[in-house]
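Asks: here's my sequence, what's the structure:
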Amino acid sequence: MTDPDQPVPTVLTERTGHVLLITINRPQARNALDRDVATRLADAFDAAEADPEIRCVVLTGAGDQAFSAGADLKALARGERPIVPGREHYGLAGFVRHPMSTPVIAAVNGAALGGGTELALAADLVVAAEHATFGVPEVKRGILAAAGGVFRLPEQLPRKVAMRLVLTGEPMGADEALRWGLVNEVVPAADVLPTAMRLAEVVAANAPLAVQASKRLALGIVDGDRPAESATWDRSAEEMSRLFASADAAEGMKAFAEKRPPRWTAG
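Replies: Residues are numbered from 1 along each chain as shown. As a prediction, the model looks like this:
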């Protein structure tokens with residue numbers, strides 16, 4: 001039985017054969033990402049990468065409404081970012097800038113917005129529910145999708161399709177995401193996790209060293225990094241720093257909290 005006096009872990013892990021299932025467990029907060037979630041995700045991914053018996057990882061969110069709504073805005077408001085202290089180079093949620101040799105499948109069980117889409121972009125394969133949505137609404141808040149969204153979307157989608165997402169902040173449905181190749185499969189909500197787990201088992205049935213070497217070569221991974229992205233990450237950080245100092249960024253967050261349209265000044 002679950003002890004009601006014990007806090008519920010914000011990240012759950014479950015091993016089935018050679019597959020590790022990692023679940024973001026904050027359904028009441030639409031699986032938003034805070035520092036605790038980021039730390040637990042980083043720990044789970046590091047453990048999987050260090051365990052030769054784990055040959056594939058499946059990442060999902062608890063519940064059926066959201067894969068992840070991205071960064072927890074309440075945590076951000078109190079100055080807490082979803083970055084792991086001491087492992088800042090891992091990026092958002094301890095994952096987006098820390099590519100592993102072990103393949104990762106995102107089982108997107110609902111809305112994947114902002115950082116949620118960026119988690120999916122960092123995964124190798126994506127299985128989505130029919131009601132799943134993808135998007136980077138940061139421009140509606142006066143900032144940008146700085147955890148890889150702005151530059152990975154044009155890599156993984158036709159440029160004009162990606163730019164519509166980046167510039168409008170409007171979401172894309174699962175069927176359209178499948179049409180453009182952002183996801184591998186779209187299935188009924190009840191089938192998302194079973195489908196992702198079956199796909200993981202297919203991956204895990206192959207020679208693990210060959211799979212890992214193939215992933216590293218395909219993505220240009222060297223020593224747990226993707227050097228080809230380094231300069232773009234630096235530019236992203238510079239642009240985000242300037243935006244955070246702007247009046248529009250402050251107005252965007254304030255307007256969101258007050259549930260009203262923002263009043264932009266380009267200042």
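Asks: from Ser68, how far off is Ala106?
Replies: According to CB to CB, to the nearest Å, Ala106 stands 10 Å off from Ser68. Quick note: C-beta positions are derived from backbone N, CA and C, even for glycine.
Asks: the helix or strand hosting Ala120: what's the following helix or strand?
Replies: Using DSSP states H and E, the element containing Ala120 is helix 115-122. Counting by DSSP H and E, the element after helix 115-122 in chain order, helix or strand, is strand 125-129.
Asks: could you give the angle of that next one to helix 115-122?
Replies: Angle between the axes of strand 125-129 and helix 115-122 is 140 degrees (criterion: axes from the mean of the first three to the mean of the last three CA atoms, to 10 degrees).
Asks: list the strands paired with strand 125-129, with their directions.
Replies: According to DSSP bridges, strand 125-129 has the following sheet partners: strand 104-108 (parallel), strand 185-187 (parallel).
Asks: report the buried residues of the last one.
Replies: Okay, so that is strand 185-187. 186-187 (16 or more other CB atoms under 10 Å).
Asks: look up the residues forming beta bridges with Leu12.
Replies: According to DSSP bridges, beta-bridge pairing links Leu12 with Thr23.
Asks: wait, what's in contact with it?
Replies: Contacts for Leu12 (CB atoms under 8 Å, 6 or more residues apart in numbering) come out as 22-23, 25, 62.
Asks: closest to Trp180 among these?
Replies: Ile22 (26.3 Å; CB to CB).
Asks: separation between Ala257 and Lys74?
Replies: Look at Ala257 and Lys74: by CB to CB, they are 9 Å apart.
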